[in-house]
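> turn this into a structure:
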Amino acid sequence: MSPKPSTKRALSQIPSPTTMHNTKKPRLVAVSRAGRQDIPGEGRWKDWPAPAEDLKAARTFMKQCAERRLPTIIVPDKDADGLSSGLILYRTLNGLGLPPESIHVHFIAKGTNVFSASERARLECLAIAISGGGELDSTSNEVRVIYVDQGSRGGPPLLQPLLDEGRAMVRTMVVDHHQSDDFPEGSQVLTACKSPPICTSSLLTYLMCYPLESSIPESCAWLALLGIFGDLGPSEIKFGDVEGHWPVSEEMLRLGATIKVVKKKALSDSVSLLNAPRRTPEFNVQSAWDALLSADGPTTIINNTELRRLRFRINEEVERCSRAAPQFSKDGCVALLRIDSRYQVHPVVAIRWASRLKGKDLKMIMVVNPSHHPDPNLVSFSCRIPASLRKVAETAQPDLQQLLKDYGAKVDDVFMARVGDDYARGHKQATGGIIPRAEFELLVSKGMEVAARAVRRVDEASVDGQRKIKDFFSKG
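Below is the predicted model of the structure:
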């Protein structure tokens, strides 16, 4: 009996992006030395990256958009994961035959989300404008809307199914990976949040679109990696690792092979550049999309002078804001840092401090920024787990969303009702929110019981190579 091919051999069957042109889509067999073969949608991976029936329905939704030439609106999130997911959808729809003039990309305004009344109104106007304008009850005026990486929550429809007195018919689909148990009424949903290991929106979108159009596996592999690097970092997924907890499949091996061609550093640099526009006060997400749309790989993005200029501004602001000193909750679980910036740098500052702070009880680094949101009565905050806790099993890592809810319950019985769904959004280990300033101060003083001054000790760690974190705290 001939030996089974190894993972390394399977990898070698994947042509590099520079040699794959004018060739048929390769049929790759991902088999490990131990005989492991993973196929998303089958066996152990039946409901990965999302429930199998939902994946099938999402692919049908996409094919219907193209086959019926339906005007389609893509609503991607503003970060690297959302933008790359949006472009994968765009290229797939176009590859299936939907012309570019029928594909519209809509970006959410600063300080809002897809559940905001103002955004619903903007999208309703766009849907009406691009609808066929047929007679009542005609299918020629149907519009499709795909929300990707925007988060999920229960409630009324994102858009009413009938607009303009029935002259515009709307069907919506949500593609997402953020933690949620509820979803908008009437939307078709494709979510990875209940299918561990939870993938990014870009990986979910790539795997959903992978079999739909022959050019997608090659042309969109680097886009899937952008979102993975943006949300999970360059080292979370070991592609082709039979000892890891991610599948060893044709699709994942292709991504691993693509990394060898485009290089990790180029992908990481591209992520930071694409994230720069949305972090500035101008919030020009369109410039990031335009750069990505015209790029044929990470190198094009890296050489974009406008994105590099914006990233320089962001880096300067991050350095300034990272000098804030932490305060600690009474139980030692929370390190709170207060910054004041019109830039959206609070998530970056939280990540930076998460890599430096550690303590026996520390579970959450929280950075609050009262100057980022256009409404001066609202504050934005971002939370991350300490980097040291990322080394433990995911099931043993703290659930920051639940921790925030527990602190909220200590404020009073109706705190959660007052702050609404914009509190504790996102993921268990990376969450945040936008809530009224007065409510945040109640959370800090009554829920977390943060000391007025930073007096608790933490384990020593380096800050900018010169100061020690212990220098921020009293000796008593």
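> list of residues touching whichever strand or helix holds Ala438?
Using DSSP states H and E, the element containing Ala438 is helix 437-442. The contact list for helix 437-442 (CB atoms under 8 Å, 6 or more residues apart in numbering) reads 368, 370, 377-379, 381, 411-412, 415, 418-419. Using the backbone N, CA and C atoms, a C-beta is placed for each residue, glycine as well.
> quick one, domains of this protein?
Domain assignment for the chain by automatic domain parsing gives 7-262, 268-320, 324-472.
> mind putting those domains into TSV with mean pLDDT?
Below are the domains of the chain laid out as TSV (pLDDT from 0 to 100):
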stretch	mean pLDDT
domain 7-262	87
domain 268-320	98
domain 324-472	88
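> may I see the ones you listed organised as CSV, with mean neighbour count added?
Converted to CSV, those look like this (neighbours: other CB atoms under 10 Å):
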stretch, mean neighbour count
domain 7-262, 19
domain 268-320, 18
domain 324-472, 18
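> can you give me the strands for this protein?
72-76, 103-105, 142-148, 162-163, 168-176, 188-191, 327-328, 334-338, 364-369, 378-384, 423-426, 430-436, 462-463, 467-468 (DSSP state E).
> need the ones you listed in JSON lines (columns: distance to Ala291).
Output for those, formatted as JSON lines (distance: least, CB to CB, whole Å):
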{"stretch": "strand 72-76", "distance to Ala291": "14"}
{"stretch": "strand 103-105", "distance to Ala291": "13"}
{"stretch": "strand 142-148", "distance to Ala291": "18"}
{"stretch": "strand 162-163", "distance to Ala291": "33"}
{"stretch": "strand 168-176", "distance to Ala291": "22"}
{"stretch": "strand 188-191", "distance to Ala291": "27"}
{"stretch": "strand 327-328", "distance to Ala291": "39"}
{"stretch": "strand 334-338", "distance to Ala291": "31"}
{"stretch": "strand 364-369", "distance to Ala291": "26"}
{"stretch": "strand 378-384", "distance to Ala291": "25"}
{"stretch": "strand 423-426", "distance to Ala291": "25"}
{"stretch": "strand 430-436", "distance to Ala291": "25"}
{"stretch": "strand 462-463", "distance to Ala291": "33"}
{"stretch": "strand 467-468", "distance to Ala291": "37"}
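> and these: which comes nearest Thr112?
The closest approach between Thr112 and any of the strands of the chain, judged by CB to CB, belongs to strand 430-436 at 9.7 Å.
> which residues does that closest one contact?
111, 346-347, 373, 377-385, 400-401, 404, 418-420, 422-426, 443.
> give me phi/psi at Ala324?
phi -60, psi 150 (degrees, to the nearest 10).
> ok, and the closest non-adjacent residue to the residue nearest in space to the middle of the chain?
By CA atoms, centre = their mean, the chain has its centre lying nearest to Asp81, at 4.8 Å. Nearest residue to Asp81, sequence neighbours excluded (CB to CB, 6 or more residues apart in numbering): Gly227, at 3.7 Å.
> hmm, Cys270 is touching Ile302, no?
Quick fix: residue 270 reads Ser, not Cys. Yes - using CB atoms under 8 Å, Ser270 is in contact with Ile302, at 6.2 Å.
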